[in-house]
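S.K.: Quick check, what structure comes out for this input:
(2 chains)
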Number of protein chains: 2
Amino acid sequence: MEQHKNESHTQTSLPLSPFTQPIRCIVKLGGAAITSKNELEMINEEILQKVSEQLREAMVASSEKPPGMDWSKRPGASEIFCNPEEFGDHSAIDCSPFIVVHGAGSFGHFQASKSGVHKGQLNKPLVKGGFVATRISVTTLNLEIVRALAREGIPSIGMSPFSCGWFTSERHISSADLSSVAKAIDSGFTPVLHGDAVLDEIQGCTILSGDVIISHLAAYSKPIYVVFLTDVYGVYDRPPTEPNAILLKEIAVAEDGSWSVVKPKLQNSIELTVAAHDTTGGMKTKIAEAAMIAKLGIDVYIVKAATSHSLRALNGDLRSSIPDDWLGTVVRSLR
Amino acid sequence: MEQHKNESHTQTSLPLSPFTQPIRCIVKLGGAAITSKNELEMINEEILQKVSEQLREAMVASSEKPPGMDWSKRPGASEIFCNPEEFGDHSAIDCSPFIVVHGAGSFGHFQASKSGVHKGQLNKPLVKGGFVATRISVTTLNLEIVRALAREGIPSIGMSPFSCGWFTSERHISSADLSSVAKAIDSGFTPVLHGDAVLDEIQGCTILSGDVIISHLAAYSKPIYVVFLTDVYGVYDRPPTEPNAILLKEIAVAEDGSWSVVKPKLQNSIELTVAAHDTTGGMKTKIAEAAMIAKLGIDVYIVKAATSHSLRALNGDLRSSIPDDWLGTVVRSLR
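M.R.: Numbering: from 1, shown residues only, chains lettered A, B, ... in the order given. Model (predicted):
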């Protein structure tokens, strides 16, 4: 069993956190899970709706579905989707403090890669155009996700990192105004952030991935657990499409950030799935980011979206013990 | 000729402005001009496109239309609208520093009024739902406006006041992080803000109107001029639908903020147009806000969108003198 050194930048002392109340969970909606990978700007509506339902089940204590909060027309429709009258004298809805972050999938990727936004050089017209085009694409997806959550009665609020004052310096976060996110949480809303094109102090601009956003948010807001919803059952020892790929069920992270596979017991060193299409970092990056979060004492679950396994992860049912029939990867610190 | 006292809160000493370069113009796209008033969430595409063209003509020095920056699919379409290949080795595009702010028109109004978001009480489920629904509706409009501008080659960037850290206290702006807006300008982008539902320190939440946003931005960024694009030719002495309504062509603002009609010479005190549907303030509020801006030495033009008159205003052609054949209202300080 090989030890993997976490090469990410180590956590230095953090400024005061603006979060005044404990966050229960940060959820990453993976781009590959909620969009159709092979078609430009196509949402996987079925998965997105199921994910939204599971989030509502995990967040809202009441068994009754709360009234929908998307009172806008759907494209092509002449009537609004939800009915505000449903609220009537509806009593207050308790909604757990969750933060949602989503990736881009088939939104944004074409625009970003066509122009090389991640490499900077904003003075080039193509890069500037690509920056604008990328933001249009990812905010289109953000709006659709906010609407899907709102239809389930989750008080979702779209918050773009660009607008929230997230800046990078040589592609690492140099500043991020978390107070807007914290205030939204304090007011009972569910912030929905996303991978975004942002300004970079050194190279002009770059792409800030959803995974990096989650690491940063986790460090400041210290959620009880973090769930990554993906399009596969978790992290495998080789590309999951290969025969005999083994699902890594438990990864332990040491204090120095190095990590090792605890379950199942493996004979050989592992080879990790790196999706070629993923410019912001594939599965190896994901483990590295997950390890950084786990190092803070936060359990991380990497699980297939819209399955019974993801619902258990979102509910926090895996906190005490991981049932044998649960499919997914847990990344947590050695205790 | 009656003197009107400006009753708005007077400007106190301002913290340091984050704007490092001079802003040429702040433009308000009035909700009534760019949406169809009588139909829920319906954009007036023809006007929006014409407004976008005029903005491009005013902002981009080159006579050649720059390549489009909206590389996303239009609803229902399977292909992207603009072609990134058009950029080729396109030389740098000089784009004047403009800030765009738009109203809500038939977006957001239904959701806000149905729930009373402007009155606060976020603990009520209906208000919380209305807050989410209002933001969905106004950000939908914002995205469409950003896309219309981007298709004209304007490097537009949507920035929601909620996300940018704009907060109110008893409905007056208590904080607004302008540094993201300033950095977007410094990087050559055109920020596009909008009237939005925001958190209020005293009453929980409220609606922040586009006009109030413009006043605030103007005070800090000190643009050379401000243009309000509306659905009528300017400010009239009575509702413009009434026979014999007279267009007020010039309003002078004194140092104390009081204002008076200079042109044409009127016999009687004026009655102002107040649109009944406008919950965030009608024409009287508009003059008060315009007067507050003019007091800072900034010329304000209130003009009908998508006309030859609006193009002249956007170009800044009215700075030296107002031609007799120009239709619109100028609000400026007594010099």
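
S.K.: Using CSV, write out every CA atom in stretch A:103-117.
M.R.: Below are the C-alpha coordinates for stretch A:103-117, written out as CSV (Å, rounded to 0.1, in the frame of the first residue of the first chain):
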residue,chain,number,x,y,z
GLY,A,103,-19.0,22.2,-11.8
ALA,A,104,-19.5,23.1,-15.4
GLY,A,105,-19.7,19.8,-17.3
SER,A,106,-20.7,20.6,-20.9
PHE,A,107,-21.3,24.2,-19.9
GLY,A,108,-18.3,26.6,-20.1
HIS,A,109,-15.8,23.9,-21.1
PHE,A,110,-16.1,24.6,-24.8
GLN,A,111,-15.8,28.4,-24.3
ALA,A,112,-12.9,28.1,-21.9
SER,A,113,-10.9,25.7,-23.9
LYS,A,114,-11.5,27.4,-27.2
SER,A,115,-10.0,30.6,-25.8
GLY,A,116,-7.6,29.4,-23.2
VAL,A,117,-9.1,31.4,-20.4
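
S.K.: That stretch near chain B at all?
M.R.: Yes. Stretch A:103-117 is in contact with chain B by C-beta under 8 Å from any C-beta of the partner chain, via A:110, A:111, A:114, A:115. In short, each C-beta sits where N, CA and C put it, glycine included.

S.K.: do stretch A:159-170 as well
M.R.: Yes. Contact of stretch A:159-170 with chain B (C-beta under 8 Å from any C-beta) involves A:159, A:160, A:162, A:163, A:164, A:165, A:167.

S.K.: contacting residues around the residue lying closest to the fourth one once chain neighbours are set aside?
M.R.: Ranked by C-beta to C-beta, 6 or more residues apart in numbering or on different chains and with sequence neighbours excluded, the top spatial neighbour of residue A:163 is residue B:163, at 3.8 Å. Neighbouring residues of residue B:163 by C-beta atoms under 8 Å, 6 or more residues apart in numbering or on different chains: A:158, A:159, A:160, A:163, A:164, A:180.

S.K.: repeat for residue A:154
M.R.: Listed by C-beta under 8 Å, 6+ apart, the contact partners of residue A:154 are A:52, A:55, A:56, A:59, A:60, A:69, A:95, A:190.

S.K.: what about the fifth one, neighbour count?
M.R.: Translated: residue A:60. 19 (other C-beta atoms under 10 Å in any protein chain shown).

S.K.: What of the first one?
M.R.: Residues within reach of residue A:52, counting by other C-beta under 10 Å, total 24.

S.K.: Chain B versus that one, what's the distance?
M.R.: 13 Å (C-beta to the nearest C-beta, to the nearest Å).

S.K.: secondary structure element for that residue?
M.R.: helix A:45-59 (DSSP states H and E).

S.K.: Give me the contact list for that helix.
M.R.: So helix A:45-59 is in contact with A:25, A:27, A:29, A:33-34, A:65-66, A:95-96, A:98, A:100, A:144-145, A:148-149, A:151-154, A:190, A:229, A:305-306, A:310-311, A:314-316, going by C-beta under 8 Å, 6+ apart.

S.K.: Pull out the buried members of those residues.
M.R.: Buried by 16 or more other C-beta atoms under 10 Å in any protein chain shown: A:25, A:27, A:29, A:33-34, A:66, A:95-96, A:98, A:100, A:144-145, A:148-149, A:151-154, A:190, A:229, A:305-306, A:310-311, A:314, A:316, out of the contacts of helix A:45-59.

S.K.: List the ones among these that fall in strands.
M.R.: A:25, A:27, A:29, A:98, A:100, A:190, A:229 (DSSP state E).

S.K.: Now for these: which two are most distant?
M.R.: A:190 and A:229 (15.1 Å; C-beta to C-beta).

S.K.: sorry, back to before: out of the contacts of helix A:45-59, which sit inside helices?
M.R.: A:33, A:34, A:144, A:145, A:148, A:149, A:151, A:310, A:311, A:314, A:315 (DSSP state H).

S.K.: In terms of pLDDT, where does the last one sit?
M.R.: The predicted structure scores residue A:315 at 96 on the pLDDT scale.

S.K.: Now do the contacts for it.
M.R.: Taking C-beta under 8 Å, 6+ apart as the test, what residue A:315 contacts is A:57, A:58.

S.K.: same thing with the fifth one?
M.R.: The neighbourhood of residue A:148, defined by C-beta under 8 Å, 6+ apart, consists of A:48, A:49, A:51, A:52.

S.K.: just the third one next, same as before
M.R.: By C-beta under 8 Å, 6+ apart, residue A:144 lies in contact with A:43, A:48.

S.K.: do that again at 10 Å, thanks
M.R.: A:34, A:35, A:41, A:43, A:45, A:48, A:75, A:102, A:107, A:158 (C-beta atoms under 10 Å, 6 or more residues apart in numbering or on different chains).

S.K.: which non-adjacent residue is nearest residue A:87?
M.R.: Closest to residue A:87 by C-beta to C-beta, 6+ apart is residue B:126, at 4.2 Å.

S.K.: from what I can see the one you found touches residue B:116, true?
M.R.: Yes. The pair residue B:126 / residue B:116 is scored as a contact, 7.7 Å apart, by C-beta atoms under 10 Å.

S.K.: What segments of chain A are helices?
M.R.: Going by DSSP H, chain A shows helices at A:31-34, A:45-59, A:109-115, A:125-151, A:179-186, A:210-221, A:283-294, A:308-315.

S.K.: Just give me how far the fourth one sits from the chain centre.
M.R.: Looking back up the chat, that one is helix A:125-151. 16 Å (C-alpha atoms, centre = their mean, to the nearest Å).

S.K.: Please apply the same query to stretch A:186-197.
M.R.: The answer for stretch A:186-197 is 11 Å, by C-alpha atoms, centre = their mean.

S.K.: cool, and stretch A:50-62?
M.R.: Distance, centroid of stretch A:50-62 to centroid of chain: 16 Å (C-alpha atoms, centre = their mean).

S.K.: And the furthest pair within the ones in helices among the contacts of helix A:45-59?
M.R.: It's A:144 and A:315 that sit farthest apart of the ones in helices among the contacts of helix A:45-59, by C-beta to C-beta, at 24.8 Å.

S.K.: per-residue confidence at residue A:5?
M.R.: 48.

S.K.: now the end-to-end length of stretch A:249-262.
M.R.: By C-alpha to C-alpha, to the nearest Å, the extent of stretch A:249-262 from end to end equals 8 Å.

S.K.: excluding its backbone neighbours, what's nearest residue A:170?
M.R.: Nearest to residue A:170 is residue A:202, by C-beta to C-beta, 6+ apart, at 4.7 Å.

S.K.: pretty sure that neighbour is in contact with residue A:174, am I right?
M.R.: Yes. Between residue A:202 and residue A:174 there is a contact under C-beta under 10 Å: 9.0 Å.

S.K.: out of these two, which sits in the busier spot?
M.R.: More neighbours surround residue A:174 than the other of residue A:202 and residue A:174, with 15 against 12 (other C-beta under 10 Å).

S.K.: Distance of the more buried one relative to chain B?
M.R.: Taken as C-beta to the nearest C-beta, the span from residue A:174 to chain B is 12 Å.

S.K.: List the contacts of that residue.
M.R.: Contacts of residue A:174 by C-beta under 10 Å, 6+ apart are A:166, A:167, A:168, A:198, A:199, A:200, A:201, A:202.

S.K.: pLDDT value on it, please?
M.R.: The per-residue pLDDT reported for residue A:174 equals 94.

S.K.: try residue A:10
M.R.: 42.

S.K.: Residue A:79 contacts residue B:40, doesn't it?
M.R.: Yes. The pair residue A:79 and residue B:40 qualifies as a contact (C-beta under 10 Å) at a distance of 8.6 Å.

S.K.: Overlap in contacts, those two.
M.R.: residue A:73.

S.K.: of those two, who's got more company?
M.R.: residue B:40 (18 against 8).

S.K.: can you pick the most crowded of the contacts of residue B:163?
M.R.: residue A:163 (29 neighbours).

S.K.: Could you measure from it over to residue A:42?
M.R.: Separation of residue A:163 from residue A:42 (C-beta to C-beta, to the nearest Å): 25 Å.

S.K.: swap in residue A:228?
M.R.: For residue A:228, the distance to residue A:42 - C-beta to C-beta - is 22 Å.
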